[in-house]
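J.: A predicted structure for the sequence below; I have some questions about it.
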Amino acid sequence: MKQTVLTIQARKGSSSKIVMVTAYDATFAGLLENAGADVLLVGDSVGMVVQGHENTIPVTLDDMVYHTRAVARGSHHALVVADLPFMTYKESSVQAMQSATRLMQDGRAHAVKLEGGQEIADSVHAIVAAGIPVMGHIGLTPQSVHALGGFKVQGRKQEAAALLREDAIALEEAGCFALVLEGIPASLAAQITRSINIPTIGIGAGPHCDGQVLVCYDLLGLNPHFKPKFLKQYAQLHENVSDAVKNYCEEVRAGIFPASEHSFDEPWAAINDDDLPEGIRYAGSH
Ligand code: KIV
């Protein structure tokens, strides 16, 4: 089923929770949506899991456009949401609209996501008024990692929890179609979810949200050392990848690969895309 902001909004309060997963390239985009993900988030977590940075701050708008285009090319029915990276929307509503425009026009996103609460409500309103759907993101907002003193659970104290409840309402009023709740107590996430009419999508925010999001590399277990409390690894792909590559190294060194079935003996043999299954292109020569 083709997902749109309307199909996602209609899942508010539904027993069928919204599934969002991050994606950064076309191959994963196809795999993830075919496995059932409703929303592909081109997260600025790309800075950490793909680019190797310690946090998301170094990610640029050009980086996000590049990865969003790749995800948009590889997906056909998921909703593609792209993150506006650090300092590309907090200066003014005009800057926010210009940055959102690039992700939509050059990146081919269907919606954009911004981190922040009441302080960005005017920018959210301006982007939405221009016809661009916006997903909000409050709680542990990674672009503010230094201001927060680290990747720490937010809203534990009454005052902070009250602020987050106000932020959620302000973002709904500004026109967000959905709201990510990251790193907050489950009871607070439940209160916020009940208090607004747009779906909440949680990460480290307990089971009462309308949907959940995880970073695809994390849920696939590509980094054996990253095991925070909120994460469930559904596979240990680091083992599979490591075993496969060790095997390849051994076979190449021992002269086992390539064997005759991987070799072209006839001088006229052609590598022809027409012989490959539909949708698959020859990618052997770069
Ligand atoms: O950048 C990201 O991947 C995110 C999700 C973890 C919500 O913002």
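T.: Cool, got the structure.

J.: hmm, who's touching the host helix or strand of residue 20?
T.: Secondary structure from DSSP states H and E places residue 20 in strand 18-22. When contacts are defined by CB atoms under 8 Å, 6 or more residues apart in numbering, strand 18-22 is touched by residues 8, 11, 32, 36-43, 45-46, 81, 178, 199, 201, 210-217, 219. From N, CA and C alone the C-beta is placed, and that goes for glycine too.

J.: which residues touch residue 153?
T.: Residue 153 sits in contact with 140, 183-185, 204, where contact means CB under 8 Å, 6+ apart.

J.: hang on, the earlier thing: mean confidence for whichever helix or strand comes after the strand holding residue 20?
T.: Following strand 18-22 in sequence order, the next helix or strand is helix 26-34 (DSSP H and E). Helix 26-34 carries an average pLDDT of 98.

J.: using CSV, list the CA coordinates for whatever helix or strand comes next after helix 26-34.
T.: Downstream of helix 26-34, the next assigned helix or strand under DSSP H and E is strand 39-42. In CSV, the C-alpha atoms belonging to strand 39-42 read as follows (Å, rounded to 0.1, in the frame of the first residue of the first chain):
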residue,chain,number,x,y,z
VAL,A,39,8.0,5.2,6.7
LEU,A,40,11.7,5.4,5.7
LEU,A,41,13.4,8.1,7.6
VAL,A,42,16.6,9.5,6.0
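
J.: hang on, the earlier thing: any part of the strand holding residue 20 near the ligand?
T.: Yes. Strand 18-22 lies within reach of the ligand by CB under 6 Å from any ligand atom, at residue 22.

J.: same question for stretch 87-105.
T.: No. Figure legend: stretch 87-105 not in contact with the ligand (CB under 6 Å from any ligand atom); closest approach 13.4 Å.

J.: CA-only coordinates of that stretch in PDB, if you can.
T.: The C-alpha coordinates for stretch 87-105 follow below in PDB (Å, rounded to 0.1, in the frame of the first residue of the first chain):
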ATOM      1  CA  MET A  87      21.700  24.700  11.900                       C
ATOM      2  CA  THR A  88      19.800  24.500   8.600                       C
ATOM      3  CA  TYR A  89      16.500  25.700  10.100                       C
ATOM      4  CA  LYS A  90      17.000  27.500  13.400                       C
ATOM      5  CA  GLU A  91      18.100  30.900  12.100                       C
ATOM      6  CA  SER A  92      14.800  31.900  10.600                       C
ATOM      7  CA  SER A  93      11.600  30.600   9.000                       C
ATOM      8  CA  VAL A  94      13.000  31.600   5.700                       C
ATOM      9  CA  GLN A  95      16.100  29.500   6.200                       C
ATOM     10  CA  ALA A  96      13.900  26.600   7.300                       C
ATOM     11  CA  MET A  97      11.700  26.900   4.200                       C
ATOM     12  CA  GLN A  98      14.800  27.100   1.900                       C
ATOM     13  CA  SER A  99      16.300  24.000   3.500                       C
ATOM     14  CA  ALA A 100      13.100  22.100   3.400                       C
ATOM     15  CA  THR A 101      12.600  23.000  -0.200                       C
ATOM     16  CA  ARG A 102      16.000  21.400  -1.100                       C
ATOM     17  CA  LEU A 103      15.100  18.200   0.600                       C
ATOM     18  CA  MET A 104      11.800  18.100  -1.300                       C
ATOM     19  CA  GLN A 105      13.000  19.300  -4.700                       C
END
